[in-house]
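Student: need a 3D model of the following:
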Amino acid sequence: MSYYISLLFNGLVSGGFVALMSLGMSIIFGMMRIVNFMHGSLYMLGAIIAYFLGFYFGASIWIGMLAASILVGVLGAILERTLIRRLYGLDLAYILILTTGLSLFLEDTVRNFYSVTSSAPFLVPQVLKGAVNLGFIVYPKYRLFVVVVSILLCLGTWFALERTRLGALVRAASERPSLLKCFGGNVPLLISGSFFFACALAGLAGALSAPMRNVSPYMGQEMINIVFAVVVAGGMGSIAGSVVMGFASGILQALMAIVYPQASTVIIYVLMLVILVVRPGGIFSGVDISQFPLHYTPMTERVRAFFLSRPAAMVALAVGFLLPWFVYPILATDIILWGLFAVGFDLLFAYAGLLSFGQAAYWGTAAYVMGVLAMTFGAPTWLAFIAGVAISTTLGLFFGLILARKKGIYFSMITFAISAIIAFVVNQFADYTGGEDGLHGLSRGTLFGMDLQNDRVYYHVCMAIVILVIFFLCRLLKSPYGLSLLGARENERRMMSVGYNVFFLRLKAYVLSAFIVSTAGALYALNHQFVTLEMVNWRASGEPVMMTLLGGAGTIFGPVLGAGIVVVMRNALSSITDNGSLYLGLLFITVILFARRGILGESLHNILDRQQNTSPHNGSDGKTAGNHSEPVHSSKEAADVD
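Tutor: Next up is the predicted model:
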């Protein structure tokens with residue numbers, strides 16, 4: 001019995017870390033409507049600061065906690081003042097993606113200076129060493145200390161926000177910044193101070209975890225996934241929801257470790273998925289985010305029409321056929337297939353107004369189904385390919401029936417949960433999928449007498465498929481359905497009022513996106529002739545986001561250009577430096593801050609729209625199609641924050 005009680009206490013310890021992290025994220029979202037994806041990196045920095053002070057200077061956990069919270073809080077405040085504040089008043093997607101780029105940058109920067117993966121038991125002072133007898137269990141003092149500190153900090157933060165004058169000012173700065181400013185309140189200071197405190201909590205949680213967990217530059221990746229799921233399940237912006245769900249998540253993981261240890265991590269995503277389906281606002285119903293869009297398309301109708309025109313298609317076709325003469329055929333194939341993946345994502349993002357963090361579920365499912373059928377059951381390669389795409393698309397239809405009714409962050413987080421669940425399932429059937437080793441030895445075979453083992457031949461086959469898919473997509477977007485989809489993105493209520501079924505519009509877009517991504521994933525697996533867990537990993541879902549924004553969302557060919565830049569850049573950097581993620585993160589940040597239309601979109605905007613704006617007969621075509629949905633807050637509120 002004491003063993004099980006010990007596991008439950010360990011769950012409280014883990015839940016304490018998650019609760020502190022979730023509390024900080026909820027404060028940031030409640031105050032500024034910011035989804036801070038770099039919170040996991042701040043947690044990692046706190047742990048490394050404490051480790052560094054203890055290892056090199058002999059500092060104890062007291063100094064480590066103080067230094068980590070202050071330094072991480074200051075860093076967070078600096079990033080908020082210099083970078084994040086530039087995006088206030090814009091769509092949530094801007095800040096979400098900016099903080100993702102900052103996370104990549106911070107992780108790879110730290111990796112250059114710190115590569116050790118070990119815990120820091122030397123931080124624990126003498127008074128917290130050993131164990132204490134609680135009567136029903138003998139439990140380590142330090143772990144008990146973590147639980148007590150976590151609970152006290154959470155209660156103290158709640159009391160400060162809900163029962164003190166400072167808390168009233170903070171809430172006023174969030175809810176009525178204009179009114180508070182009229183009464184002499186320093187709104188920017190309150191917001192920066194709240195951001196500092198929230199980041200300090202992440203640093204403190206990292207410092208507390210250092211004596212118990214392996215400290216590494218990537219320790220924040222899994223933590224941010226769990227924290228995000230907990231915050232959404234508890235209710236975005238709800239202090240009580242974040243704290244309660246944080247501790248509950250730790251206990252639930254501990255219980256699952258007793259019943260089915262392999263599912264101890266994925267159970268959080270299953271719980272979040274169930275909660276969001278049954279109670280979309282979360283358990284404690286925090287800030288209503290269902291109306292907050294998570295897309296942006298700062299592309300004018302004139303530019304969009306150009307990308308759907310015949311000249312643009314001819315230029316893209318010429319580039320496609322010349323590509324294997326400038327780079328290796330396998331690399332060229334990677335570019336167009338990642339580009340097709342990004343095009344499938346962009347259909348949802350720019351045209352349906354849905355930001356998906358789970359398209360890797362279909363990218364990987366099609367590849368694994370094809371691999372299992374071909375290698376385990378001996379099916380012909382291209383029959384297995386068709387089956388893999390069909391099964392993966394059917395899976396997209398099943399999940400689409402749930403997802404098509406969701407919007408904003410809820411949609412994004414459910415797709416993220418689905419991707420995590422698919423990755424878990426793939427790893428559990430290791431006898432068929434190869435587990436962490438994956439499936440190796442896929443054969444491309446032949447097609448209509450063509451030997452697809454020849455890389456150049458295979459490239460042209462893939463190119464033909466990509467051309468057909470993009471041609472179909474261009475025709476579709478010019479059709480009444482494509483215009484209806486854009487209308488539903490811009491003004492859902494108006495479309496419903498004139499008789500359109502928005503649910504089916506989005507369902508069709510989601511299933512079509514799943515089909516495009518599945519096709520690209522199966523072809524990608526054949527290109528490399530193996531399938532690995534990386535194809536269903538959550539990071540694979542982030543790649544098309546980066547590629548789409550880099551090339552230009554809503555431009556059809558922009559995502560393919562973005563894929564080319566990312567793939568070539570990663571390939572070139574891999575032979576020069578180990579800091580590929582650092583440079584990609586910097587590129588990501590630069591694009592979000594200075595070229596939000598993407599490289600292709602910004603270039604065409606400068607050429608076409610500025611020509612029209614200087615014309616004496618310019619009309620209304622120069623209006624930005626995305627202007628109706630771009631701001632999340634009013635411009636007046638953004639000015640108050642600044």
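Student: show me the shaky parts of the protein.
Tutor: Across the chain, the ranges flagged by pLDDT under 70 are 1, 115-116, 285-301, 303-304, 308, 577-581, 608-642.
Student: that one: strands as residue ranges?
Tutor: Along the chain, counting by DSSP state E, strands occupy 131-133, 138-140, 439-440, 446-447, 450-451, 530-531.
Student: export the ones you listed to JSON lines and tack on mean neighbour count and distance to Gly246?
Tutor: All C-beta spots, glycine's among them, are computed from the backbone N, C-alpha and C. Formatted as JSON lines, the strands of the chain follow (neighbours: other C-beta atoms under 10 Å; distance: least, C-beta to C-beta, whole Å):
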{"stretch": "strand 131-133", "mean neighbour count": "11", "distance to Gly246": "24"}
{"stretch": "strand 138-140", "mean neighbour count": "17", "distance to Gly246": "20"}
{"stretch": "strand 439-440", "mean neighbour count": "18", "distance to Gly246": "38"}
{"stretch": "strand 446-447", "mean neighbour count": "14", "distance to Gly246": "53"}
{"stretch": "strand 450-451", "mean neighbour count": "12", "distance to Gly246": "56"}
{"stretch": "strand 530-531", "mean neighbour count": "24", "distance to Gly246": "35"}
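Student: of those, which is nearest Phe471?
Tutor: Between Phe471 and the strands of the chain, the shortest separation by C-beta to C-beta is 20.0 Å, and it involves strand 446-447.
Student: which ones are touching the residue lying farthest from the centre of the chain?
Tutor: Going by C-alpha atoms, centre = their mean, the residue of the chain most distant from its centre is Gly135, 44.8 Å out. Listed by C-beta atoms under 8 Å, 6 or more residues apart in numbering, the contact set of Gly135 is empty.
Student: phi and psi next, for it.
Tutor: Taking degrees, to the nearest 10, you get phi 100, psi -50 for the backbone angles of Gly135.
Student: if I look at it, how far off is Ser216?
Tutor: Distance, Gly135 to Ser216, by C-beta to C-beta, to the nearest Å: 37 Å.
Student: Trp538: neighbouring residues, count only.
Tutor: 18 (other C-beta atoms under 10 Å).
Student: same question for Leu586.
Tutor: By the criterion of other C-beta under 10 Å, Leu586 has 17 neighbours.
Student: ok, it touching Phe105?
Tutor: Yes. Using C-beta atoms under 8 Å, Leu586 is in contact with Phe105, at 6.0 Å.
Student: any shared contact partners between those two?
Tutor: In contact with both Leu586 and Phe105: no residue, using C-beta under 8 Å, 6+ apart.
Student: show me the domain layout of this structure.
Tutor: Domain assignment of the chain by automatic domain parsing yields the ranges 2-224, 304-637.
Student: Val243: which of these is closest?
Tutor: That would be domain 2-224 among those, by C-beta to C-beta, at 4.5 Å.
Student: endpoint to endpoint, that closest one covers what distance?
Tutor: End-to-end span of domain 2-224 (C-alpha to C-alpha, to the nearest Å): 31 Å.
Student: mind listing what's buried in stretch 64-79?
Tutor: Of the residues in stretch 64-79, 64-65, 67-69, 71-73, 75-77, 79 count as buried by neighbour count, 16 or more other C-beta atoms under 10 Å.
Student: same question for stretch 361-379.
Tutor: If you call a residue buried by 16+ other C-beta under 10 Å, then stretch 361-379 has these buried ones: 361-375, 379.
Student: so can I have JSON lines of the strands of the chain showing distance to Ile48?
Tutor: Formatted as JSON lines, the strands of the chain follow (distance: least, C-beta to C-beta, whole Å):
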{"stretch": "strand 131-133", "distance to Ile48": "28"}
{"stretch": "strand 138-140", "distance to Ile48": "23"}
{"stretch": "strand 439-440", "distance to Ile48": "36"}
{"stretch": "strand 446-447", "distance to Ile48": "51"}
{"stretch": "strand 450-451", "distance to Ile48": "52"}
{"stretch": "strand 530-531", "distance to Ile48": "34"}
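Student: so Val469 is in contact with Thr519, correct?
Tutor: Yes. Under the criterion of C-beta under 8 Å, Val469 makes contact with Thr519 at 6.7 Å.
Student: overlap in contacts of those two?
Tutor: With C-beta under 8 Å, 6+ apart as the test, Val469 and Thr519 both reach Leu340.
Student: neighbour count: the two, which is higher?
Tutor: Applying other C-beta under 10 Å to Val469 and Thr519 shows that Thr519 carries more neighbours, namely 28 against 18.
Student: contacts only, for the more buried one.
Tutor: Contacts here follow C-beta under 8 Å, 6+ apart; on that basis Thr519 touches 340, 366, 389, 465, 469.
Student: same check on Thr100?
Tutor: Thr100 makes contact with 37-38, 542, 545, 588, according to C-beta under 8 Å, 6+ apart.
Student: what of Ala67?
Tutor: Counting by C-beta under 8 Å, 6+ apart, Ala67 makes contact with 49-50, 53, 59, 207.
Student: and for Leu273?
Tutor: Neighbours of Leu273 in contact, by C-beta under 8 Å, 6+ apart: 414, 417-418, 421.
Student: save these as JSON lines, and put in neighbour count too.
Tutor: Output for those, formatted as JSON lines (neighbours: other C-beta atoms under 10 Å):
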{"residue": "Ile414", "neighbour count": "24"}
{"residue": "Ala417", "neighbour count": "27"}
{"residue": "Ile418", "neighbour count": "25"}
{"residue": "Ile421", "neighbour count": "20"}
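Student: quick check: phi and psi at Gly129.
Tutor: Slight slip there: residue 129 is Lys, not Gly. Taking degrees, to the nearest 10, you get phi -80, psi 160 for the backbone angles of Lys129.
Student: from Val148, how far out is the closest residue in space to it that isn't next to it in sequence?
Tutor: Nearest residue to Lys129 in three dimensions, chain neighbours excluded: Lys141, at 6.7 Å (C-beta to C-beta, 6 or more residues apart in numbering). Separation of Lys141 from Val148 (C-beta to C-beta): 10 Å.
Student: who has more neighbours, these two?
Tutor: The neighbour comparison of Lys141 against Val148 (other C-beta under 10 Å) goes to Lys141, with 14 against 11.
Student: ok, that one - contacts?
Tutor: For Lys141, the contact set (C-beta under 8 Å, 6+ apart) comprises 127-132.
Student: how near is it to Met65?
Tutor: Lys141 is 16 Å from Met65, by C-beta to C-beta.
Student: just give me the closest of the buried residues of stretch 361-379 to Gly482.
Tutor: Tyr362 (21.3 Å).
Student: let me see the contact set for that closest one.
Tutor: With contacts defined as C-beta under 8 Å, 6+ apart, Tyr362 is in contact with 392-393, 395-396, 514, 517-518, 521.
Student: which PyMOL command selects the buried ones in those?
Tutor: Here is the PyMOL command that selects the buried residues among the contacts of Tyr362 (16+ other C-beta under 10 Å):
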select buried, resi 392+393+395+396+514+517+518+521
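Student: mind putting the contacts of Tyr362 in TSV, distance to Gly552 included?
Tutor: Supplementary listing: the contacts of Tyr362 in TSV, determined by distance: C-beta to C-beta, whole Å:
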residue	distance to Gly552
Ser392	27
Thr393	27
Leu395	29
Gly396	25
Ala514	23
Val517	19
Ser518	24
Gly521	23
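Student: quick one: which of the contacts of Tyr362 sit in helices?
Tutor: Those of the contacts of Tyr362 mapping onto helices are 392-393, 395-396, 514, 517-518, 521, per DSSP state H.
Student: from those, which is closest to Met535?
Tutor: Out of the ones in helices among the contacts of Tyr362, the member with the shortest distance to Met535 (by C-beta to C-beta) is Gly521, at 6.5 Å.
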